[in-house]
Structures are given as C-alpha cells and as structure tokens.
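**Q** attaching a predicted model along with its sequence, questions to come.
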Amino acid sequence: MSARRRTPPRRPPPRRPPPRRPPARRPPARRAASRPRKKQQRHPAAVLIPVVIALWVAGRMLDWVAANRWVVVLALALAVAGGVLWYRHRAAQLREEQERARALRYQVEQLDHLHHRAFEHAVRDLMFRDGCTDAVQVGGAGDHGADVKATDPYGRLWVIQCKHRKAGAAGAPVGTPDLHVLNGTGRPVHHGDVIVLVTNGRFARPAVEFAQSQRLHLVDRTTLAAWAAGGRPLWELLRAVPPPRSPSPLS
C-alpha cells in the first residue's frame, strides 16, 4: 500500500492592522457673545449747567452793551468804513484790469508761437478786452467742444472753439469734423447764442459751406489778425450775428 501524503495544514493569512483613523477634530470653541455696552447716560446736570452758564454770560454781555452803546455805534462805523474801503479798492482793481485789457494787442505771428492752451487764453483775453467781463477758458477734458465761453455786453452767450496751427496758414486746414462737434454741442449743450470756431490757420472749403448752412461763425487767420491787432470787438467783424439778447448801455 502506498503511503498517503499528508498535506500540511494551511496557515491563516496574516491579519492586516486596521487603518488608523485620523484624530477627531474638536469643534472650535464658541466665543462668548459680546454683550452690547450700555450707553452711558449723561446726568441732566451735565447738560443743564453749561446751558445756564452760556445764558448767564450772554445776559451779562447784553447788559454791558446796553450800558455802553457807543461800542455798538463804533463797531457799525468801522464796518461801514471797511466796506467802503474794500469797494473802492475792488473798483480800482477792476479799472486797472479793464485799462490793461483795452491796451491788449496781438500780432498774428505772436499767436503762431503760442501753445494751443495759451492760444485759448489769448482768445479769452481778447473777449474780455471787448467787454465780456465773465470770459473764461474752459477747454480741456470733457469740454464738449467749447474752449472759451463769454457773455458780451448785449447779453449774448458766445461759445468758442479754438484750433491752433503751429505753421499758421501753411498748416492743415480746419475741416468739417471739428465743426460737427461744435455744432452738436454749442447750442444743445452750452446753450450758446453765437457759436464760433477760431483758428490762426485756414478753413477747408467744405467747412465754410457747412458753417454757412448751420449758422456757425468762422474766424480765420485774416479775421483773427484784424481782431487781435485792433480795437474793434469781434461781433463787429462777423456777419449775421444774432441780435442783442437783453438791453444794455451799448445797445
């Protein structure tokens, strides 16, 4: 008989250690709700005492003024004298400014050498010379096509756009695109009565025709030279200027 082979007993598979669990996170400690602070109420005496003191001081001052009325008369006299002196000083300054403005003259070649911003200030000064005491330079970012605005002695509001050419008449002519901007804002936005474009150069033919059809006034190099070098106001050099808006000593 063949001997039976004994099969060795099967060994159980090695046990794997259980996976480690991450430590449980503790919930964050809750902060104790901060209790609203009670507003400290002022004692009525803390408010009443300053009021009583102020009333007492005011009453004492009124009594003193009533007993010394000459102080009030003196104060009023000094105030009136100061006002008169200030008015005379301001009137003298205004006369000096007007005298300097009346003597203002420019040669067109001088205007050629100016920066475009200085050219706008020169146009403003010429309007002031003509009697527009509120002439102001407004050119810059967001000017909506206006560089100078002024009200003449006849009550008409002038809206002026300036186009400076370094080369003067030899520079590029001013075309219709610039007039389109001025025409679109001069009356609807600025409410101007006289809409003007001033240049030390020249205008293209289509620009002249467009200006005539839209009642825009053009000041070219020739008109600018006559205006800047002479004593005639601009409204005497232009044609078809609107009538006076309000009566004035010059109308």
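**A** In hand now; what should we look at?
**Q** in the chain, which spans are helices?
**A** Secondary structure of the chain (DSSP state H): helices located at 44-67, 69-102, 108-112, 116-129, 176-185, 205-213, 221-229.
**Q** for those, which one ends up most surrounded?
**A** Of all those, helix 116-129 carries the top mean neighbour count, a mean of 20, counting by mean count of other CB atoms under 10 Å. Heads up, the C-betas are built off the backbone N, CA and C, glycines and all.
**Q** and for it, what's in contact with it?
**A** By CB atoms under 8 Å, 6 or more residues apart in numbering, the surrounding residues in contact with helix 116-129 are 101-102, 104, 106, 111, 114, 135-137, 139, 147-148, 150, 152, 158, 160, 162, 164, 198, 200, 227-228, 234.
**Q** report the inter-axis angle for that helix versus helix 221-229.
**A** Angle, helix 116-129 to helix 221-229, by axes from the mean of the first three to the mean of the last three CA atoms, to 10 degrees: 60 degrees.
**Q** output helix 116-129 in CSV with nothing but the alpha carbons.
**A** In CSV, the C-alpha atoms belonging to helix 116-129 read as follows (Å, rounded to 0.1, in the frame of the first residue of the first chain):
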residue,chain,number,x,y,z
HIS,A,116,-2.6,125.6,-28.0
ARG,A,117,-3.7,126.1,-24.4
ALA,A,118,-2.1,129.6,-24.3
PHE,A,119,-3.9,130.3,-27.6
GLU,A,120,-7.2,129.6,-25.8
HIS,A,121,-6.2,132.0,-23.0
ALA,A,122,-5.3,134.7,-25.6
VAL,A,123,-8.8,134.3,-27.2
ARG,A,124,-10.3,134.6,-23.7
ASP,A,125,-8.3,137.8,-23.0
LEU,A,126,-9.5,139.3,-26.3
MET,A,127,-13.1,138.7,-25.4
PHE,A,128,-12.5,140.3,-22.0
ARG,A,129,-11.0,143.3,-23.8
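**Q** thinking again about what came up before, could you export the helices of the chain as TSV, including distance to R239?
**A** Listed next are those as TSV, based on distance: least, CB to CB, whole Å:
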stretch	distance to R239
helix 44-67	67
helix 69-102	25
helix 108-112	21
helix 116-129	18
helix 176-185	17
helix 205-213	10
helix 221-229	10
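**Q** between the ones you listed, which gets nearest to V194?
**A** V194 lies closest to helix 116-129 among the helices of the chain, at 10.9 Å (CB to CB).
**Q** from the chain's centroid, how far away is the closest one?
**A** Chain-centre distance of helix 116-129: 18 Å, with CA atoms, centre = their mean, to the nearest Å.
**Q** could you give the angle of it to helix 69-102?
**A** Using the same axes, to 10 degrees, helix 116-129 lies at 110 degrees relative to helix 69-102.
**Q** quick check: mean pLDDT across helix 116-129?
**A** Averaging pLDDT along helix 116-129 gives 95.
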